[in-house]
Every structure is written in structure tokens, then in C-alpha cells.
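Visitor: have a look at this fold, sequence not included:
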């Protein structure tokens with residue numbers, strides 16, 4: 001697709017959906033639909049949600065999806081500059097996390113159920129560890145996007161994979177051993193472990209198919225396209241799941257001294 005926001009000079013006419021046009025224009029059509037849904041989401045949140053921070057989150061989702069569309073256009077107009085392409089991919093992950101968080105905050109389990117306060121005394125706190133997991137996955141997605149768009153070598157992404165795997169294993173095992181009876185924490189922890197195994201397998205598969213492509217094939221084969229796309233998608237699920245775990249850890253865990261103080265106050269009353 002040589003132009004933006006038009007497609008071969010037209011804003012409304014659908015071009016012949018053949019070859020790469022099928023994927024690029026299809027991507028644009030899906031993006032426009034997501035933008036429309038986000039406008040509805042933001043406006044509806046302002047109308048029905050009394051929580052000021054939720055209304056702000058709705059506007060944040062809208063602003064992010066607009067910026068995402070602009071970055072997508074810049075990648076077309078300037079012929080896929082690596083920095084902009086990587087930023088486009090990373091901002092898409094950010095938008096996904098915002099929408100996932102809004103789904104969590106408006107779900108019945110969050111709105112109708114009171115938090116289950118669990119005392120913790122071990123350091124680092126689960127809230128700290130879960131935020132570290134989010135940061136590690138997010139940084140790894142940035143490195144992956146930079147590599148995918150030819151902005152850097154593969155080595156930083158490989159080192160990042162080892163670090164992310166270690167942090168996610170540490171976080172998940174900590175949850176399962178100490179908070180396994182709390183489903184709000186156990187479920188995302190189990191999901192993290194499963195997704196991590198799938199992601200590592202897909203990463204290895206993506207590497208192998210890229211080596212095959214490097215042997216002289218004129219264009220990426222379908223196996224490389226499928227493994228790379230699945231690798232990106234599961235990475236997004238890992239990030240979203242780690243965000244959910246961090247939010248739930250913030251809601252359901254409290255420092256032991258703080259919990260004892262709250263119990264004492266309640267007894268005194």
C-alpha cells in the first residue's frame with residue numbers, strides 16, 4: 001500500500017484484495033473498526049461509569065488508538081522506518097492492556113465482590129514482583145519489535161527472553177505456593193506459566209523458520225509468517241495476563257502490619 005490515509009488514492013473504494021494488499025488493507029479495515037469501537041467505549045464510559053479514573057481510562061484508550069493510527073500512517077509514508085514501526089507495535093500492546101484493564105474493572109467479579117485481603121511479609125512484595133514482571137515483558141516486546149523491524153540484532157531479544165522467563169517463573173511460583181487458594185491470583189499465575197511455555201516454543205520456531213528464509217527464499221514462507229504472528233500474539237497475551245496479575249496483587253494483598261492495624265481498628269470499633 002503506497003499511500004495513507006487513502007488506499008491507492010481513494011478513501012472509500014476497496015482495492016483488489018490480492019497479494020500483500022489483502023493483508024495491508026485488511027489490517028486497515030480492522031484498525032478502523034477497532035477505532036470505532038473505542039470511540040463508543042470511551043463515550044459510553046463517560047455516560048455510565050461514576051468512577052472518575054475509569055472515565056479517564058476511557059479517554060486514554062481513545063487517545064492511544066488515535067496515536068496508534070497516526071504511527072501506522074507514518075510507517076507507510078516514510079517506508080517503514082524501524083523506530084516508528086517498533087513504536088507502532090509497542091503502542092498497540094499498550095492499547096491492548098488498557099482495554100483488558102477496563103474489561104477487568106467493569107467485570108462482575110470486580111464490581112460486585114469485595115477484595116480478599118491477604119497479609120504478606122516476604123520481600124519483595126507480590127505487588128512489586130508482579131510490576132517487575134509487567135516491565136520485563138513490556139521491554140521484551142519492545143526488543144522483539146525492534147528486531148522484527150530490522151532495528152537491532154537478535155541477541156538482546158534472546159537475552160531478554162531468558163530474563164523474562166526467570167521473572168515470570170519466580171512470580172508465578174510465588175503465587176502458586178503462597179496464594180494458591182485465591183483464584184484471583186492463582187488463575188493469572190497459571191495462565192502465565194502456560195503462555196510462557198507456548199511463547200518459548202513459538203520463539204524457537206520463529207528462529208528456525210527465519211533461518212530457512214535466510215537460505216535464499218525470495219520472500220518469507222507461510223511457516224515463518226504463522227510462527228512469527230503467533231509469537232507476537234502470545235506475547236501480547238503474556239503482557240495482558242501479567243498486567244491482570246499486577247492489578248489483582250495490588251487489590252488483594254496488603255503488608256502484614258497494615259492488615260493487623262486494620263483488624264485492631266475494627267475490633268476497637
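Guide: Now that the structure is in, tell me what you want to look at. Note that the structure is predicted; figures quoted are calculated from it, not measured.
Visitor: mind listing the strands for the stretch 51-200 of the chain?
Guide: 118-120 (DSSP state E, counting those that start in this stretch).
Visitor: pLDDT weak spots in it?
Guide: The model of the stretch 51-200 of the chain has pLDDT under 70 over residues 151.
Visitor: now the helices for it?
Guide: Listed in chain order, the helices of the stretch 51-200 of the chain (DSSP state H, counting those that start in this stretch) span 52-77, 82-105, 108-111, 126-148, 155-178, 183-213.
Visitor: just these: most buried one?
Guide: Most buried of those, by mean neighbour count (mean count of other Cβ atoms under 10 Å): helix 126-148, with a mean of 21. Every residue, glycine included, has its C-beta placed from N, CA and C.
Visitor: okay if I get the helices of the stretch 51-200 of the chain as CSV plus distance to residue 239?
Guide: Listed next are the helices of the stretch 51-200 of the chain as CSV, based on distance: least, Cβ to Cβ, whole Å:
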stretch, distance to residue 239
helix 52-77, 14
helix 82-105, 6
helix 108-111, 20
helix 126-148, 5
helix 155-178, 10
helix 183-213, 10
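Visitor: quick one, which of the ones you listed is nearest to residue 247?
Guide: Of all the helices of the stretch 51-200 of the chain, helix 82-105 sits nearest to residue 247, with 6.4 Å by Cβ to Cβ.
Visitor: what's the angle from that closest one to helix 126-148?
Guide: Interaxial angle, helix 82-105 versus helix 126-148 (axes from the mean of the first three to the mean of the last three Cα atoms, to 10 degrees): 150 degrees.
Visitor: which strands and helices sit next to helix 82-105?
Guide: Judged by 3 or more Cβ pairs under 8 Å, 6 or more residues apart in numbering; DSSP states H and E, helix 82-105 is in contact with helix 19-48, helix 52-77, helix 126-148, helix 222-252.
Visitor: redo those as JSON lines? Include distance to residue 102.
Guide: Output for the helices and strands packed on helix 82-105, formatted as JSON lines (distance: least, Cβ to Cβ, whole Å):
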{"stretch": "helix 19-48", "distance to residue 102": "7"}
{"stretch": "helix 52-77", "distance to residue 102": "6"}
{"stretch": "helix 126-148", "distance to residue 102": "17"}
{"stretch": "helix 222-252", "distance to residue 102": "11"}
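Visitor: which of those sits closest to residue 12?
Guide: Proximity to residue 12, assessed across the helices and strands packed on helix 82-105 by Cβ to Cβ, is greatest for helix 19-48 (11.7 Å).
Visitor: got the domain boundaries for this protein?
Guide: The chain breaks down into these domains under automatic domain parsing: 1-113, 116-269.
Visitor: my read is that residue 24 contacts residue 1, right?
Guide: Yes. Counting by Cβ atoms under 8 Å, residue 24 touches residue 1, with 4.4 Å between them.
Visitor: can you tell me the closest non-neighbouring residue to residue 120?
Guide: For residue 120, ignoring the flanking residues on the chain, the nearest one in space by Cβ to Cβ, 6 or more residues apart in numbering is residue 253 at 5.2 Å.
Visitor: and that neighbour, how far from residue 43?
Guide: For residue 253, the distance to residue 43 equals 35 Å [Cβ to Cβ, to the nearest Å].
Visitor: ditto for residue 160
Guide: In terms of Cβ to Cβ, residue 160 sits 38 Å off from residue 43.
Visitor: coming back round to it: indicate which one of the helices and strands packed on helix 82-105 is closest to residue 89.
Guide: Using Cβ to Cβ, these put helix 126-148 closest to residue 89, at 3.9 Å.
Visitor: how big is the angle separating that closest one from helix 222-252?
Guide: Using the same axes, to 10 degrees, helix 126-148 lies at 160 degrees relative to helix 222-252.
Visitor: helices or strands up against helix 126-148?
Guide: Using 3+ Cβ pairs under 8 Å, 6+ apart as the contact test, the elements touching helix 126-148 are helix 82-105, helix 155-178, helix 222-252.
Visitor: in CSV: the ones you listed, plus distance to residue 127.
Guide: Below are those laid out as CSV (distance: least, Cβ to Cβ, whole Å):
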stretch, distance to residue 127
helix 82-105, 16
helix 155-178, 11
helix 222-252, 5
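Visitor: if anything else comes up later, I'll come back, but that's it for now.
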